[in-house]
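S.K.: Have a look; sequence and predicted model below, questions after that.
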Number of protein chains: 2
Amino acid sequence: MISVQEALKLVESSASVSSSENTDLENSLGKVLREKIHADRDYPPFHRATMDGFALKSEGFSEDRVYSYTRELHAGESFQLESGEEAIRIMTGAPVPEGFDLVIKIEDSEDLGISNGKKQVRFRTEKSGSFSNIAIQGEDLKRNQEILKEGTLISASVLSLLSSLGKYSVQTSKLPRVRVISTGNEIVGPGETPKPWQIRDSNSYSIRSLLQKYGIVPISVTRAGDDPTILEKAVQEGLDSDLLILSGGVSMGNLDLVPKILETSGVKEIFHKVRIKPGKPIWFGKKKEQAVFGLPGNPFSVQVCFRIFVEAYLRKFLGHSSEKPICLPFAGERKKKNKLTEFFPVSYETKGQTFLSEKKFNGSGDIRAGIFSDGLGVQFSETENLKEGDLLEFYPWT
Amino acid sequence: MISVQEALKLVESSASVSSSENTDLENSLGKVLREKIHADRDYPPFHRATMDGFALKSEGFSEDRVYSYTRELHAGESFQLESGEEAIRIMTGAPVPEGFDLVIKIEDSEDLGISNGKKQVRFRTEKSGSFSNIAIQGEDLKRNQEILKEGTLISASVLSLLSSLGKYSVQTSKLPRVRVISTGNEIVGPGETPKPWQIRDSNSYSIRSLLQKYGIVPISVTRAGDDPTILEKAVQEGLDSDLLILSGGVSMGNLDLVPKILETSGVKEIFHKVRIKPGKPIWFGKKKEQAVFGLPGNPFSVQVCFRIFVEAYLRKFLGHSSEKPICLPFAGERKKKNKLTEFFPVSYETKGQTFLSEKKFNGSGDIRAGIFSDGLGVQFSETENLKEGDLLEFYPWT
């Protein structure tokens, strides 16, 4: 049996990066950018007033000097200075006209009324240097400067930036075509009433929800029971995909039903069983470029194995970076019950600093496991009992 | 000018909770549950074997005793014991037949071959008590027990639970009908080439993306410039919604264009200006049940004001709880530059424990602000300079 770290390495090294496709900016949130992005012009594109006030020349400025002005300039407008024009009224976001290099904010001005048809003003200010209260053209970004790399996840901030740059369509990673199969004769679907010894299918629902974080809608979701002939047919159809995710049928009591059928169908095992709890019987393999996960059938095992292994695969497949580790202190105590690496639901608990507190549940079959949690904490196989304040590796759900 | 805390209280107390509607479970991820959920039967629904092994009677068990068995029971099957049947082979997930109360795992059994057509087995085990390796019917949940409250956010784990309970459609909060208007004569849309002193509209893109976290697709997104007549028409149309979000036109330099038009249109101001940076000129008001946010036009101000104020409104509107505070230590130093509460982009940085590190950018007009950040850190108006290890309130983007 391999460790979780070894399994993660195998999963990540098995993923080949997806091809890319053109995507409208509106539909790109949460996708992975697959092109470098450069500035299309300088940013700011012009010397921009950052305050409402007056634009003038810093040279010869004095607090004693009385300036006269007639015109005002708003954002979205532009004009050239006229000969002899000493100052203009200027609004935030407007371009400072060529010839001026100083903006003094309105609060620092003193209105002196009108003389000869021109408004008169004087200033008391600490900021009278060249380019005070002006964002200089190109000071944020120079034209053609690289600003985003391939592999960037398109967040709302990144999307806002792309729209500023006029990139209304971008190359992003193609999402994988995913198929989902749940196995188990004890599992019944929505149309059926479970007999006392049967349970309802929840794994197809949770896998579908967990995929939604990546914007992936599975192309099929099938319940196949444990009949080898039906299951084999479902697997063969399931292999027409980039990623096939099965639940159930991978543990000893199931006589390794799923691994055997996958092998028959030409999927090569990369690993079977990892030293984790829950999820120990997890199976992973590939057939050419297709990846196949056989997740243990327990609802909470599915959620854990998806979060840890399937997500690691998806990030690599989509050309995104590996996940950054997050470590927060633990609130409470937790005994080490076995030699496996344990994943358990935790939620934020803020007492001064934010701790992670265990959301207890009643054993691996408890259908409530995971609810009200913010993510998973990890107690590694080699660690001792956890006590208050011990650092815990944390996998948030979102 | 009010504080951020006062503004948040006003925003939250102004929100009336949305009505509810029936939603198919498949479409309920991320929505807010609006009914109590009870267990439809006991969970586990039967005494369930939690190990692969043998089921027998704990009474009279001895490690010396040889048991004979003929039958095996898989998950999804059920049978009654026959008279004289001493043990059965049982698989994880199968119902323990009435009359037996102990499961011994396969690893603790010793195969003794066949005698009189019956398989013979003996056990060496530390676990031979009543209900060992059995999840007892109803031990997780009793029939009719309440398990989820109104206001629960439907996560993947909650959705998995609901499917286990056979709740294939649930009452959830109706999403608000949202309209978005960006103002500003300097703003040009996708079809246009910006003149040197113009910039492209990014705020409609970021507001649209930020709404997507709540599954909300705005019913309209309009660019209205600064012409009072056009803007007034857009606002009047925009008021046919639950929530109207404007960007730009709320600061002094814009001559309070948006507040004036909102007032004319019958929207009552609840506050204008909050002691925050960025976002100081934010405007908030209501017309009957409709809420209106006037966000400052700066791209990063829009992102901050949405995350802090609009999200607080949406959570209340959707019947969800207020956000739980998260506080993590700060990596680095940060000077307090003014008397406002400052929000700035931060990202996780793990050195032993996870710290928040500031993602610097070049002033409030920098279109790169926010990219590569995991959320916003807060330096409250009353705090001093931040130093390494100081606790920082944190608003993650996701």
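M.R.: Cool, got the structure. Residues are numbered from 1 along each chain as shown, chains lettered A, B, ... in the order given.
S.K.: so who does A:L161 touch?
M.R.: A:147-148, B:202, B:367-368, B:371 (C-beta atoms under 8 Å, 6 or more residues apart in numbering or on different chains). The C-beta positions use only the backbone N, C-alpha and C, and glycine is treated the same way.
S.K.: At which residues are the helices of the stretch 1-150 of chain A located?
M.R.: A:4-14 (DSSP state H, counting those that start in this stretch).
S.K.: Alongside chain B, which residues does it contribute?
M.R.: Where proximity means C-beta under 8 Å from any C-beta of the partner chain, the interface of the stretch 1-150 of chain A facing chain B comprises A:25-26, A:29, A:43-46, A:48, A:50, A:52, A:74-78, A:91-95, A:106, A:135, A:139-141, A:147-148.
S.K.: hang on, the earlier thing: now tabulate the contacts of A:L161 in JSON lines and tack on pLDDT, neighbour count and distance to B:I114.
M.R.: Below are the contacts of A:L161 laid out as JSON lines (pLDDT from 0 to 100; neighbours: other C-beta atoms under 10 Å in any protein chain shown; distance: C-beta to C-beta, whole Å):
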{"residue": "A:I147", "pLDDT": "97", "neighbour count": "20", "distance to B:I114": "75"}
{"residue": "A:L148", "pLDDT": "98", "neighbour count": "21", "distance to B:I114": "70"}
{"residue": "B:S202", "pLDDT": "97", "neighbour count": "24", "distance to B:I114": "77"}
{"residue": "B:I367", "pLDDT": "95", "neighbour count": "27", "distance to B:I114": "79"}
{"residue": "B:R368", "pLDDT": "95", "neighbour count": "24", "distance to B:I114": "76"}
{"residue": "B:I371", "pLDDT": "96", "neighbour count": "22", "distance to B:I114": "70"}
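S.K.: Now intersect those with the strands, please.
M.R.: Among the contacts of A:L161, the residues falling in strands (DSSP state E) are A:147-148.
S.K.: CSV for the contacts of A:L161, including distance to A:S68?
M.R.: Formatted as CSV, those follow (distance: C-beta to C-beta, whole Å):
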residue, distance to A:S68
A:I147, 43
A:L148, 47
B:S202, 38
B:I367, 36
B:R368, 39
B:I371, 44
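S.K.: circling back: need the buried ones from the residues of the stretch 1-150 of chain A next to chain B selected in ChimeraX.
M.R.: The buried subset of the residues of the stretch 1-150 of chain A next to chain B, as determined by 16 or more other C-beta atoms under 10 Å in any protein chain shown, is captured in ChimeraX by this line:
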select /A:25,26,29,43,44,45,46,48,50,52,74,75,76,77,91,92,93,94,95,106,135,139,140,141,147,148
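S.K.: Chain B contacts on the stretch 251-398 of chain A?
M.R.: When proximity is defined by C-beta under 8 Å from any C-beta, the stretch 251-398 of chain A lies next to chain B at A:251-254, A:297, A:299, A:302-303, A:324-329, A:345, A:348, A:350, A:352-354, A:361-371, A:373, A:391, A:394, A:397-398.
S.K.: who touches A:G30 in this structure?
M.R.: With contacts defined as C-beta under 8 Å, 6+ apart, the neighbours of A:G30 are A:153-154, A:213-215.
S.K.: try it again with 6 Å
M.R.: Shown in contact with A:G30 (C-beta atoms under 6 Å, 6 or more residues apart in numbering or on different chains): A:G215.
S.K.: Next, work out how far apart it and A:E146 are.
M.R.: In this view, A:G30 and A:E146 are 23 Å apart by C-beta to C-beta, to the nearest Å.
S.K.: Tell me the confidence at A:G253?
M.R.: Taken from the predicted model, the pLDDT recorded for A:G253 is 69.
S.K.: Run the chain-centre distance for stretch A:159-179.
M.R.: Averaged C-alpha coordinates place stretch A:159-179 at 13 Å from its chain's average position (C-alpha atoms, centre = their mean, to the nearest Å).
S.K.: Between the two ends of that stretch, what distance do you get?
M.R.: End-to-end distance of stretch A:159-179 (C-alpha to C-alpha, to the nearest Å): 29 Å.
S.K.: give the contact list for the residue nearest to A:M252 when sequence neighbours are not counted.
M.R.: Spatial nearest neighbour of A:M252, chain neighbours left out: B:D52 (5.3 Å); criterion: C-beta to C-beta, 6 or more residues apart in numbering or on different chains. The contact partners of B:D52, by C-beta under 6 Å, 6+ apart, come to A:252-253, B:91-92, B:106.
S.K.: 8 Å instead, please
M.R.: Taking C-beta under 8 Å, 6+ apart as the definition, contacts of B:D52 comprise A:251-253, B:90-92, B:105-106.
S.K.: I'd like to know how many residues surround the closest residue to A:R368 other than its chain neighbours.
M.R.: Taking C-beta to C-beta, 6+ apart as the measure, A:R368 lies nearest to A:F361, with 5.4 Å between them; neighbours along the chain are not counted. The burial metric for A:F361, expressed as a neighbour count using other C-beta atoms under 10 Å in any protein chain shown, is 19.
S.K.: I'd like to know how far A:F361 sits from B:I147.
M.R.: 12 Å.
S.K.: next one: A:I114
M.R.: The spacing between A:I114 and B:I147, counted by C-beta to C-beta, is 75 Å.
S.K.: ditto for A:G365
M.R.: 15 Å.
S.K.: and chain A, what are its domains?
M.R.: Under automatic domain parsing, the residue ranges defining each domain of chain A are A:4-18+A:175-317, A:22-41+A:141-173, A:48-135, A:326-396.
S.K.: how about the ones you listed, which one is nearest B:L243?
M.R.: Between B:L243 and the domains of chain A, the shortest gap by C-beta to C-beta is with domain A:22-41+A:141-173, which sits at 17.3 Å.
S.K.: Show me the helices in the stretch 251-398 of chain A, by range?
M.R.: Secondary structure of the stretch 251-398 of chain A, counting by DSSP H, counting those that start in this stretch: helices at A:257-264, A:299-305, A:311-317.
S.K.: by contact count, what packs against the last one?
M.R.: By that I understand helix A:311-317. Applying 3 or more C-beta pairs under 8 Å, 6 or more residues apart in numbering or on different chains; DSSP states H and E, we find helix A:311-317 packed against helix A:4-14, strand A:243-247, strand A:290-295.
S.K.: ditto for the first one
M.R.: For helix A:257-264, the contact count by 3+ C-beta pairs under 8 Å, 6+ apart identifies helix A:228-238, strand A:268-272, strand A:283-287, strand A:290-295 as packing neighbours.
S.K.: Could I get these in a markdown table, plus columns for mean pLDDT and distance to A:S209?
M.R.: What follows is the helices and strands packed on helix A:257-264, written out as a markdown table (pLDDT from 0 to 100; distance: least, C-beta to C-beta, whole Å):
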| stretch | mean pLDDT | distance to A:S209 |
| --- | --- | --- |
| helix A:228-238 | 96 | 19 |
| strand A:268-272 | 98 | 26 |
| strand A:283-287 | 98 | 21 |
| strand A:290-295 | 98 | 14 |
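S.K.: and among those, the most buried is which?
M.R.: Per residue and on average, the most neighbours among these fall to strand A:290-295, with a mean of 26 (mean count of other C-beta atoms under 10 Å in any protein chain shown).
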